[in-house]
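S.K.: this one's structure only:
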């Protein structure tokens, strides 16, 4: 029995949703479910999905207009707290800061447009053949300069503003520049629609969901029936996200100490019903590691409880937010794959990595794994696979996070920010090693082996990723020693 | 052996390794549709390198590996270059 019925396979429902009233009913359901899930921009998202539903022939340009609208009206695509902090010494009024931001954005988009056209002309130059490498190198150079050079005043402010404004768009630009080299590439104004597209607004992420235009072109609904099916899939996915939301709320309420207080609705509901619900009083992983840093040795069951609870909640959170963003994209007419797909059924570490956060994995595959694989160690099959995997899961993964958290470079300076990144570097190295080992033996696995062996394999994969969570730390406050101490605490070993 | 048959053979083998026994047409987008993943991409790259001498050093367009039709097209283009 399925929790959510497969409405996209019912011919009568599909036919109804092709009609005007069917579309209205779908949009109404979409709006209500977004509202239930607490998506703050549900009205704008529904309105835009509605326009795209009724005018599918103008989908490309409408997406670009929607992206422009979101860029101008909403300010959550970049870290405005950082922008205020960096412009504060200049003591400029808000409108002047906004003017600086607008001017720099014009420079950034103009520059990328020129670069895009340069790649499209298919010149044999290095910059046209390897545009993503050039883009990432330029961003790295800006970050290095800002973090090491003794810049002051306007020069410092402008450089940091430039970094803060490029950062959220970096990987979207990478997809566009990669597409620029293909024969069927869209023009830049159309590519613009895939830069922080409006359907990504429920997410706080710079990972392009739906990748770039190349992928969107291939997944676009071509007929009214296709559109009806993909929109029904969107509603189905939203219903699933709602179910997971309820599971998440109950899980937090039952297990996590601090977070229980913020479960306003459940607290109110159970108070009204005069029902006392127990709480396992498990601290958040962050709180548990804070305690470890202060020298507190946690009881082993509390340490494990905090780690397992964190892992379960992280799985639920990424599933919910990803499902909502993918559903919004599907509602716009693109049948893109889910970001998280049955991770508990993973049979190998590589399989989990593919199912857990698909669009982040795809980014690493596209810009690190495949370019390394096709260029290096061609005669040594295993070495080739290992090097390409480390290039993606370790180097690319670490680089993505170092670039994303550029504010640490402002606060600590480049080298200190890099040195403080050791915990995440260890995380990504272990991850890379795990994926390599998994890939090297995955071809030996029989997909038809008995259920208990498959269940055992899934359990092993989950234990690996759960333990790895100890080191999945992008902050700079805690040292490697603290994380190791917490890890040893799990096995009652003394650090 | 006919290129199309050879390509269908490797794709079928990759799908079977995953326990995917559903049929596929020559135009089905197998990477875009999620039936083949990045590890399968590598198998396809090695297959094309070893059997047709295709060199991807200048870049790999995953669209070329997405379906049987696109794979056969890629082989045809590279064979005609030689």
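M.R.: Sure, I can see it. Since the model is a prediction, treat every value here as computed from it, not as a measurement. Numbering: from 1, shown residues only, chains lettered A, B, ... in the order given.
S.K.: Please count neighbours and contacts with C-alpha atoms only from this point.
M.R.: OK.
S.K.: ranges for the helices of chain B?
M.R.: Per DSSP state H, chain B carries helices over the ranges B:3-17, B:38-52, B:68-81.
S.K.: anything in the shortest one near chain A?
M.R.: No - if you take C-alpha under 8 Å from any C-alpha of the partner chain as the test, helix B:68-81 misses chain A, and the best it gets is 13.3 Å.
S.K.: Give the other helices and strands that that helix contacts.
M.R.: Helix B:68-81 makes packing contacts with helix B:3-17, helix B:38-52 when contacts are defined by 3 or more C-alpha pairs under 8 Å, 6 or more residues apart in numbering or on different chains; DSSP states H and E.
S.K.: Enumerate every residue touching residue 49.
M.R.: Went with chain A since none was named. Contacts for residue A:49 (C-alpha atoms under 8 Å, 6 or more residues apart in numbering or on different chains) come out as A:27, A:328, A:331-332.
S.K.: other chain: chain B
M.R.: Under the criterion of C-alpha under 8 Å, 6+ apart, the neighbours of residue B:49 are residue B:55.
S.K.: How about the one 5 residues further on?
M.R.: With contacts taken as C-alpha under 8 Å, 6+ apart, residue B:54 has the following neighbours: B:48, B:75, B:78.
S.K.: ends of stretch B:12-32, how far apart?
M.R.: The straight-line separation of the ends of stretch B:12-32 (C-alpha to C-alpha, to the nearest Å) is 16 Å.
S.K.: Go through it and flag the buried ones.
M.R.: Going by neighbour count (16 or more other C-alpha atoms under 10 Å in any protein chain shown), the buried part of stretch B:12-32 is B:12, B:14-15, B:17-18, B:28-32.
S.K.: of those residues, the lowest pLDDT goes to which?
M.R.: The member of the buried residues of stretch B:12-32 with the lowest model confidence is residue B:18, at 80 (criterion: pLDDT).
S.K.: looking at the contacts of residue A:49, which has the most residues close by?
M.R.: Using other C-alpha atoms under 10 Å in any protein chain shown as the neighbour definition, these reach their maximum at residue A:331, which records 30 neighbours.
S.K.: if you skip the residues just before and after it, what's nearest to it?
M.R.: Once its chain neighbours are removed from consideration, residue A:331 has its nearest residue in residue A:231; the separation is 4.7 Å (C-alpha to C-alpha, 6 or more residues apart in numbering or on different chains).
S.K.: And residue A:360, by the same measure?
M.R.: Among residues not flanking residue A:360 along the chain, residue A:207 sits closest, at 6.0 Å (C-alpha to C-alpha, 6+ apart).
S.K.: How many residues are close by that neighbour?
M.R.: With neighbours defined by other C-alpha under 10 Å, the count for residue A:207 comes to 22.
S.K.: One more: residue B:34?
M.R.: 12.
S.K.: Mind pulling up the pLDDT for it?
M.R.: Taken from the predicted model, the pLDDT recorded for residue B:34 is 88.
S.K.: Same check on residue A:370?
M.R.: In the prediction, the pLDDT value recorded for residue A:370 is 93.
S.K.: and if you look at residue A:88?
M.R.: pLDDT for residue A:88: 89.
S.K.: Low-confidence bits of the chain, can you list those?
M.R.: As the question left the chain open, I've gone with chain A. Within chain A, the ranges that satisfy pLDDT under 70 run A:1, A:123, A:257-264, A:442-445, A:447, A:493-495.
S.K.: nope, chain B
M.R.: Across chain B, residues meeting the criterion (pLDDT under 70) sit at B:1, B:81-82.
S.K.: go with 80
M.R.: Under the criterion pLDDT under 80, the flagged ranges of chain B are B:1, B:58, B:79-82.
S.K.: From residue A:371, how far out is the residue in it that chain A sits nearest to?
M.R.: Using C-alpha to the nearest C-alpha, the single residue of chain B nearest to chain A is residue B:57, 4.9 Å away. Residue B:57 sits 8 Å away from residue A:371, going by C-alpha to C-alpha.
S.K.: out of these two, which sits in the more crowded spot?
M.R.: More crowded of residue B:57 and residue A:371, by other C-alpha under 10 Å: residue A:371, with 20 against 13.
S.K.: gap between stretch B:8-26 and the chain center?
M.R.: The gap between where stretch B:8-26 is centred and where its chain is centred comes out at 11 Å by C-alpha atoms, centre = their mean, to the nearest Å.
S.K.: For chain B, which residues are neighbours of chain A?
M.R.: On the criterion C-alpha under 8 Å from any C-alpha, chain A has as its neighbours in chain B the residues B:17-19, B:32-34, B:38-39, B:45, B:55-61.
S.K.: again, 10 Å this time
M.R.: B:14, B:16-20, B:29, B:32-34, B:37-39, B:41-42, B:45-46, B:49, B:55-63 (C-alpha under 10 Å from any C-alpha of the partner chain).
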